[in-house]
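Enquirer: using only what follows, build the 3D model:
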Amino acid sequence: MSGRRPATWEQQAADDYDYLFKVVLVGDSGVGKSNLLSRFTRNTFSLDSKSTIGVEFATRTIQVDGKTIKAQIWDTAGQERYRAITSAYYRGAVGALLVYDVTKAATFENAALWLRELRDHADGRGAAVMLVGNKTDLVKQRGLRAVPRGDAAVFAEREGLSFVETSALDATNVDAAFETLLTEIYRAVSRKALSATAAAADDEARAVGEGQAIQVSSAGDSGGLTARCCAF
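Expert: Predicted coordinates for the structure are as follows:
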């Protein structure tokens, strides 16, 4: 007799999704990537800034255009301090949050390097990328801004990135950042699927001779529908 326990309703529900997208977090150590992840997936924030070693990921499911999207979000968890991130971290990623600290100019200057690495290892220029300026709470409370919003917006526009400023501490724009990125990924995937379907239909149409009857089947209809190609 198997000792495996049956899946609970909650476990079954967690596996009920239409799309699964892998998203990675990249950027310098200390910019708040782990707290962005925990705020979005668990609605928690930790003041303990110690980096953990290894790769961590968490998931959250959202609705986009009536579809259930499950995001598997990966965090470097300290590896960026040693430049030890491998291609396995990026493999299969269809989106990324490129994070910098709005109070530390160097983290923004390094964003270009992270973007290059991301594009080298992930899905080329096919991956959707959002530039995220984190820790705006420090700007509101202490006026510590070191990266002008306009400079970041110019960089994002030049590189074809989405852009938002966030605070993982007070949750400002965190959900919006992830949800905007996931929506962008979903719609890009949908466009590709539609293009592939249209191309296949076009190829099929070319393969059918003039005046030849073709069968168009619908689900549950064993008889189908008959259409006829007509010469013009």
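
Enquirer: buried ones in stretch 66-74?
Expert: Buried residues in stretch 66-74, defined by neighbour count with 16 or more other CB atoms under 10 Å: 69, 70, 71, 73, 74. From N, CA and C alone the C-beta is placed, and that goes for glycine too.

Enquirer: helix or strand right after whichever strand or helix holds residue 39?
Expert: According to DSSP states H and E, residue 39 maps onto helix 33-42. Scanning forward in sequence from helix 33-42 by DSSP H and E, the next helix or strand is strand 56-64.

Enquirer: list of residues touching that next one?
Expert: For strand 56-64, contacts defined as CB atoms under 8 Å, 6 or more residues apart in numbering pick out 14, 17, 34, 37-38, 40-42, 68-75, 77, 178-179, 182-183, 186-187.

Enquirer: among those, which lie within helices?
Expert: Those of those mapping onto helices are 14, 34, 37-38, 40-42, 178-179, 182-183, 186-187, per DSSP state H.

Enquirer: reformat the residues you listed as TSV; add neighbour count, distance to residue 137 and pLDDT.
Expert: Listed next are the ones in helices among the contacts of strand 56-64 as TSV, based on neighbours: other CB atoms under 10 Å; distance: CB to CB, whole Å; pLDDT from 0 to 100:
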residue	neighbour count	distance to residue 137	pLDDT
14	13	32	51
34	25	16	92
37	25	17	95
38	18	16	94
40	23	16	97
41	15	20	96
42	10	19	95
178	26	18	98
179	17	20	97
182	24	24	97
183	15	25	96
186	21	30	96
187	13	31	92
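
Enquirer: of all the residues you listed, which two lie farthest apart?
Expert: 34 and 187 (28.1 Å; CB to CB).

Enquirer: show me the shaky parts of this protein.
Expert: The chain contains residues with pLDDT under 70 at 1-15, 49-55, 77-86, 123-125, 193-232.

Enquirer: swap in 80 and give it another go.
Expert: 1-15, 48-55, 76-88, 122-125, 192-232 (pLDDT under 80).

Enquirer: in it, which spans are helices?
Expert: Using DSSP H, helices in the chain cover 9-14, 33-42, 87-90, 105-109, 111-121, 136-142, 149-159, 174-207.

Enquirer: which of these is buried the deepest?
Expert: helix 33-42 (a mean of 22; mean count of other CB atoms under 10 Å).

Enquirer: and that helix, what does it pack against?
Expert: strand 19-26, strand 56-64, strand 67-75, strand 93-101, helix 174-207 (3 or more CB pairs under 8 Å, 6 or more residues apart in numbering; DSSP states H and E).

Enquirer: quick check: which of these is nearest to residue 138?
Expert: strand 93-101 (8.5 Å).

Enquirer: direction included, what does that closest one pair against?
Expert: strand 19-26 (parallel), strand 128-134 (parallel) (DSSP bridges).

Enquirer: could you export it as PDB, CA atoms only?
Expert: The C-alpha trace of strand 93-101 is given here as PDB (Å, rounded to 0.1, in the frame of the first residue of the first chain):
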ATOM      1  CA  ALA A  93      13.000  32.500 -18.200                       C
ATOM      2  CA  VAL A  94      10.500  34.500 -20.300                       C
ATOM      3  CA  GLY A  95      10.600  37.600 -18.100                       C
ATOM      4  CA  ALA A  96      12.800  39.500 -15.600                       C
ATOM      5  CA  LEU A  97      12.700  42.300 -13.100                       C
ATOM      6  CA  LEU A  98      15.900  44.300 -13.400                       C
ATOM      7  CA  VAL A  99      16.200  45.900 -10.000                       C
ATOM      8  CA  TYR A 100      18.300  48.800  -8.700                       C
ATOM      9  CA  ASP A 101      18.200  50.900  -5.500                       C
END
